[in-house]
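**Student:** give me the fold of what follows.
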Amino acid sequence: MTRFAADLGIPEARVPTQPMAQTTRVASTGTPGWNAQGGTTITVAPNESLNQMSTRFGVPASAILSANGLTSAGQVTPGRQLIIPVYSASGMNPAAAPMTARAVPAAPSERIKAAEAKRQDDTKAEAKRKEAAKEAAKEAAKEAQKEAEARKLADKRAEEKARKDVAAKEADAKKHHVRPGQVAKADTKPDTKAEATRKAEAEAKQAKVDAAKADAAKDAAKKVAEAKAAKAASEKAASEKVAAEKVAAAKPEPVKTAAVAKVEPASTGSVAAAAPSAPAAPDQTFRWPAKGRVISGYGSSGNEGINIAVPEGTAVKAAEDGTVAYAGSDVKGYGKLVLVRHSNGYVSAYAHNGELDVKPGEKVKRGQTIAKSGASGNVTSPQLHFEIRKSGAPIDPMSQLASN
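**Tutor:** All right, here's what the predicted structure looks like:
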């Protein structure tokens, strides 16, 4: 060692005896890791937590607590100043003299500045939101005050109106008050509206009476015409009978017997037609609405028509030309029902159908399919209930049905 110092021209007394001790001029902080030396001092903002600062600065929460001598996140409160530590991989003080060891960047100053700027922006934005909320609250308070004033004004007007109405009623009562012994004066002012209403009602009643009279006269004339027709038919039948008897009397005996035998059915029919108790011949004939067996006749158990057993889906045909007056299922017990209005006041009804093929107001022809048979209403098997009514009264359909 002395020779090395002599070779360098350095006096022996000036050569250090422990040259390796010169490396201690850089202070050591202990073990490598996060260090508060050289860290950034910040102030905790409102509503800012330890985890948010850890995420923003890229520093573990435990390192922040340790660098500031804290033990829990609850000690991090708004307004408190904290040091954001930096990371040292060699355990050296990053604020000391330059080191030859490789430095590990922790939280670059640019990122810290950006984070701090973002925090300030967030603080400003929060302040603006609070200010906007205050303004909105003020506007809402103003609107509420306006509504309250409007309700108050409306209540005041309603109260004034009620007082006026009470005063008017009291004045009217005083005006019409009759003292004992006095006679109330009649109100000479006519009520034109009430008078017009009464007049209109009287005219309507009179119109109904006139219409009823006209209908009665029409029915009476119709009945007279039917009676005249029946009387003429009876007289004609009687004259035919007399003529047949004269012809039979004028011929020889053998021929007379044959003639009597031949004309007997016609004579019997003529006498039956001329009898007062026999009904007049129908003024209209109807066709059968469907072919089938009659399972319930007219008048049985209060039946106002006949019931014909038919397979389900059988075509139900109009008994005569007419107009569909009703097609629906609103009449209780009848199921799907069709009513057809004919001439001379006749109406035919077809009930318990499975399908309806016509609509109200539709014109139909004799024999036209108007429905398909079924078992709707209060029946349990497929059938057709058929009625014929004359001027609203039911009549036996068998007396009106033709052979086809």
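
**Student:** what's the longest helix seen in the chain packed up against?
**Tutor:** Secondary structure assigned by DSSP state H gives helix 109-175 as the longest helix of the chain. In this structure, helix 109-175 makes packing contacts with strand 33-43, helix 50-57, judged by 3 or more C-beta pairs under 8 Å, 6 or more residues apart in numbering; DSSP states H and E. For the C-beta atoms, the positions are set from N, CA and C on the backbone; glycine is no exception.

**Student:** possible to save those as a markdown table with distance to Leu153, mean pLDDT and mean neighbour count?
**Tutor:** Converted to a markdown table, those look like this (distance: least, C-beta to C-beta, whole Å; pLDDT from 0 to 100; neighbours: other C-beta atoms under 10 Å):
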| stretch | distance to Leu153 | mean pLDDT | mean neighbour count |
| --- | --- | --- | --- |
| strand 33-43 | 53 | 89 | 17 |
| helix 50-57 | 52 | 90 | 17 |
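
**Student:** where does the stretch 101-250 of the chain have low pLDDT?
**Tutor:** Applying pLDDT under 70 to the stretch 101-250 of the chain flags residues 101-109, 175-191, 233-250.

**Student:** for the stretch 301-404 of the chain, same thing?
**Tutor:** In the stretch 301-404 of the chain (pLDDT under 70), the answer is 403-404.

**Student:** in contact with Ser49: list those residues for me.
**Tutor:** Shown here is Ser49, whose contacts under the criterion C-beta atoms under 8 Å, 6 or more residues apart in numbering are Ala73, Val76.

**Student:** er, Ala125 I mean
**Tutor:** Residues touching Ala125, when contacts are defined by C-beta under 8 Å, 6+ apart, are absent altogether.

**Student:** same question for Ile84.
**Tutor:** Contacts were defined as C-beta under 8 Å, 6+ apart; by that measure Ile84 touches Gly39, Thr40, Thr41, Ile42, Met53, Phe57, Val59, Ile64, Ala67, Ala107, Ile112.

**Student:** how far away is the third one from Leu82?
**Tutor:** According to C-beta to C-beta, to the nearest Å, Thr41 stands 7 Å off from Leu82.

**Student:** what pLDDT does Arg287 get?
**Tutor:** With respect to pLDDT, Arg287 scores 93.

**Student:** can you count the residues close to it?
**Tutor:** For Arg287, the count of nearby residues is 15 (other C-beta atoms under 10 Å).

**Student:** sorry, back to before: closest to Gln383 out of the contacts of Ile84?
**Tutor:** Closest approach to Gln383 among the contacts of Ile84 (C-beta to C-beta): Met53, at 91.5 Å.

**Student:** ok, the closest one touching Leu82?
**Tutor:** Yes: between Met53 and Leu82 there is a contact at 7.5 Å, judged by C-beta atoms under 8 Å.

**Student:** kindly point out which residues are neighbours of both of the two.
**Tutor:** Taking C-beta under 8 Å, 6+ apart as the contact definition, Met53 and Leu82 share the neighbouring residues Ile42, Val44, Ile64, Val76.

**Student:** who wins for most neighbours among those?
**Tutor:** Using other C-beta under 10 Å as the neighbour definition, the shared contacts of Met53 and Leu82 reach their maximum at Ile64, which records 24 neighbours.

**Student:** which residue is nearest the middle of the protein?
**Tutor:** Residue closest to the average C-alpha location in the chain (C-alpha atoms, centre = their mean): Asp330, at 23.1 Å.

**Student:** where does that one land in three-state SS?
**Tutor:** The local conformation at Asp330, judged by DSSP: H, G, I helix; E, B strand; the rest coil, is coil.

**Student:** and Lys208, how many residues sit next to it?
**Tutor:** The number of residues packed around Lys208, counting by other C-beta under 10 Å, is 10.

**Student:** and it, how far is that from Asp215?
**Tutor:** 11 Å.

**Student:** hmm, back to that, in CSV, list the helices and strands packed on helix 109-175 along with distance to Gln368.
**Tutor:** Written out in CSV, the entries for the helices and strands packed on helix 109-175 read as follows (distance: least, C-beta to C-beta, whole Å):
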stretch, distance to Gln368
strand 33-43, 98
helix 50-57, 88
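
**Student:** where exactly do the strands run in the stretch 151-300 of the chain?
**Tutor:** For the stretch 151-300 of the chain, applying DSSP state E, counting those that start in this stretch gives strands covering 293-296.

**Student:** what about the helices in it?
**Tutor:** Along the stretch 151-300 of the chain, counting by DSSP state H, counting those that start in this stretch, helices occupy 192-250, 253-274.
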